[in-house]
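> Here is a sequence with its predicted model. Questions after.
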Amino acid sequence: MYKLLKKIVSYFRTVNIYEINENTSYNISKKYKLKIYKNFSSIKLKNIINYFTIYKEKKKRFTKNCFFLTLSLNKNLVSSGWLYKGKKWKISEIDREISIINKIVIFDFITPLEFRNKGYYTKLLKLICVKFKKKNILIYSLSSNKKSMRAIVNAGFRYQKKLKKKYK
């Protein structure tokens, strides 16, 4: 039933696609730590392990060429997201596959409630841009998610296009 509902909803959603493909440099305090986890077994911090207690199904992503990205402040997880590199990517929100040759996709960012509206998501995006400054980075957001789109633009990404589900 859930899959059917998700499929129906995908016909009514749109996503905005953003990209950054230039060398960027930001001055961000050294107290913020960007960490990239390529497998679950490398995660040692308890609050990051707790993320996977809440979102159990996301552990599978490590086997699908995805990396987990975290921003920590004083050993607290303040924002996180995922990175994927491959040839094709499925945007589940609109049930549509796109070509991403020579690009990396960053997606599914979460900021814990107590750290929201403090700029951590934007800081994480900026640090990702610095870390992967020689890569074309693609990110997307539901067109209805105004706060996410503002953070994406503030991090230096440029709007590319709006996508919706293709009708067959």
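All right, it came through fine. Numbers count the residues shown, from 1 in each chain.
> When you work out contacts or count neighbours from here on, use the C-alpha atoms and nothing else.
Noted.
> Might you report the residue contacts of the residue nearest to Y84 when sequence neighbours are not counted?
Across the structure, with C-alpha to C-alpha, 6 or more residues apart in numbering as the measure, the residue nearest Y84 apart from its sequence neighbours is C66 (4.6 Å). By C-alpha atoms under 8 Å, 6 or more residues apart in numbering, the residues touching C66 are 38, 82-85.
> Considering those residues, which possesses the most neighbours?
Neighbour count (other C-alpha atoms under 10 Å) singles out L83 as the most crowded of the contacts of C66, with 23 neighbours.
> Verify the stated contact: that residue with F109.
No. Contact status for L83 versus F109: not in contact, 9.9 Å apart, counting by C-alpha atoms under 8 Å.
> helix, strand or coil for the residue most central in space within the chain?
Averaging the C-alpha coordinates of the chain gives a centre point, and the residue nearest to it by C-alpha atoms, centre = their mean is F107 (2.4 Å). Remark: F107 carries the secondary structure label strand [criterion: DSSP: H, G, I helix; E, B strand; the rest coil].
> returning to what we had before: closest one to K135 out of the contacts of C66, please.
K85 (10.5 Å; C-alpha to C-alpha).
> residue boundaries of the helices in the protein?
If you assign secondary structure with DSSP state H, the helices in the chain sit at 2-10, 46-54, 120-131, 146-154.
> Kindly reformat those helices as a markdown table containing distance to S29, mean pLDDT and mean neighbour count.
As requested, the helices of the chain are arranged in a markdown table below (distance: least, C-alpha to C-alpha, whole Å; pLDDT from 0 to 100; neighbours: other C-alpha atoms under 10 Å):
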| stretch | distance to S29 | mean pLDDT | mean neighbour count |
| --- | --- | --- | --- |
| helix 2-10 | 39 | 74 | 12 |
| helix 46-54 | 21 | 92 | 13 |
| helix 120-131 | 10 | 94 | 22 |
| helix 146-154 | 17 | 96 | 16 |
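> distance of D95 from D108?
For D95, the distance to D108 (C-alpha to C-alpha, to the nearest Å) stands at 15 Å.
> where along this structure do the strands fall?
Taking DSSP state E to define them, one finds strands in the chain at 14-20, 32-37, 66-73, 76-85, 88-91, 96-99, 103-110, 136-142, 158-164.
> The fifth one packs against which elements?
Using 3 or more C-alpha pairs under 8 Å, 6 or more residues apart in numbering; DSSP states H and E as the contact criterion, the secondary-structure elements in contact with strand 88-91 are strand 96-99.
> what pairs with the strand it packs on, and is each one parallel or antiparallel?
Using DSSP bridges, the neighbouring strands of strand 96-99 in the sheet come out as strand 88-91 (antiparallel).
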